[in-house]
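Colleague: Provide a 3D model corresponding to the input given below.
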Amino acid sequence: MNSPKQRVLLGVLLVRLDSVVPTDTLINELWGRNAPDKAINALQAHVSRLRQQLIEAEPPRANTPRLIARGSGYLLQAGPEELDSVQFRLRTARARRQLATDPEGAAALLRGALGLWRGPALDGASHGPLCAGVAARLEEERLSAVEDLCEASIRLGRHRQVIGRLEELVSVHPQRERFREQLALALQRGGASTVRRLRAPEDDRGGHGSAVRQIYEAGHGRGGPWALEHDGEEVAGDRAHPHEEGDDLEVVRLRRRVDQLSGEQRSMRAELDRLTALVERGGSAQRRDSA
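Modeller: Numbers count the residues shown, from 1 in each chain. Purely as a prediction, here's the structure:
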């Protein structure tokens with residue numbers, strides 16, 4: 001499908017699958033504020049071409065086209081099982097249920113779910129407000145699935161294999177806490193060869209080196225689940241109890257949350273001291289005036 005307008009039209013109809021999409025909504029998605037004078041006629045032409053393309057893709061449905069006019073809009077008929085987005089959500093939901101008890105099975109489901117993606121959600125059809133909102137939600141779900149897949153790898157003890165991918169993800173998505181937590185734990189658990197990477201200049205690490213180093217050093221200095229048993233030796237990639245890795249991830253999250261709350265508390269105390277000083281200065285000035 002080479003026409004951008006055809007992709008936009010198909011995207012809107014898929015977003016509202018088996019529901020009548022009013023012509024006003026379709027026109028807004030296709031043209032926004034730049035709709036042509038005869039927008040309804042132009043829309044009808046696009047619908048006709050899209051219907052023909054769908055029939056060419058499925059000749060047996062020539063007499064029962066998927067795209068039909070109904071009332072003051074158009075409707076695209078398809079079963080939920082025919083949509084990649086539905087299959088993706090079903091697989092990721094199953095994977096999350098299995099993640100803690102069967103990380104290997106969860107990883108297989110997540111790889112299959114992510115394999116359904118062939119580029120950005122609704123590629124070429126995210127210009128209007130309706131499609132843009134749905135595309136943003138789908139992208140968030142995709143990133144959550146990637147996070148789950150990384151967690152499954154960590155739970156299975158595959159730290160070294162996942163480090164490179166996590167470094168890239170942290171660089172591209174610096175605001176996603178979970179990627180940073182996972183990278184810090186993977187680096188720490190990967191042994192001396194990976195811990196040495198924490199000493200690389202921050203510029204070489206896409207700007208996230210200091211955050212990762214802070215997490216690592218905070219735990220490494222205290223021992224516990226963060227401590228390396230042999231600081232100068234390699235740590236085996238496959239662990240005897242891979243499920244314990246999930247507990248370590250929770251420790252990382254809790255430690256970062258405590259640090260965040262401590263920082264907020266310091267900021268609030270400084271603001272309180274500032275306001276108190278202002279009030280005290282104002283009281284002193286009033287007493288001088290009354291004197």
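Colleague: which SSE is residue 135 in?
Modeller: helix 129-155 (DSSP states H and E).
Colleague: which element follows that helix toward the C-terminus?
Modeller: Downstream of helix 129-155 (by DSSP H and E), the next one is helix 159-172.
Colleague: CA atoms only for that following helix, dumped as PDB, please.
Modeller: What follows is helix 159-172, C-alpha atoms only, in PDB (Å, rounded to 0.1, in the frame of the first residue of the first chain):
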ATOM      1  CA  HIS A 159      23.700 -11.000  32.100                       C
ATOM      2  CA  ARG A 160      26.500 -10.600  29.600                       C
ATOM      3  CA  GLN A 161      24.200 -11.300  26.700                       C
ATOM      4  CA  VAL A 162      21.800  -8.600  27.700                       C
ATOM      5  CA  ILE A 163      24.200  -5.800  28.700                       C
ATOM      6  CA  GLY A 164      24.800  -4.500  25.100                       C
ATOM      7  CA  ARG A 165      21.100  -4.300  24.400                       C
ATOM      8  CA  LEU A 166      20.400  -2.600  27.700                       C
ATOM      9  CA  GLU A 167      23.100   0.000  27.100                       C
ATOM     10  CA  GLU A 168      21.500   0.900  23.800                       C
ATOM     11  CA  LEU A 169      18.000   1.000  25.400                       C
ATOM     12  CA  VAL A 170      19.200   3.300  28.200                       C
ATOM     13  CA  SER A 171      20.800   5.600  25.700                       C
ATOM     14  CA  VAL A 172      17.600   5.800  23.500                       C
END
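Colleague: how about the helices in this structure?
Modeller: Counting by DSSP state H, the segments of the chain that form helices are 4-15, 23-31, 39-57, 84-98, 103-114, 129-155, 159-172, 177-189, 192-195, 209-220, 244-290.
Colleague: tell me the most buried of these?
Modeller: Per-residue neighbour counts averaged over each of the helices of the chain give the maximum for helix 177-189, namely a mean of 24 (mean count of other CB atoms under 10 Å). (Glycine included, C-beta is placed from N, CA and C.)
Colleague: now stretch 275-284: average pLDDT?
Modeller: When pLDDT is averaged along stretch 275-284, the result is 70.
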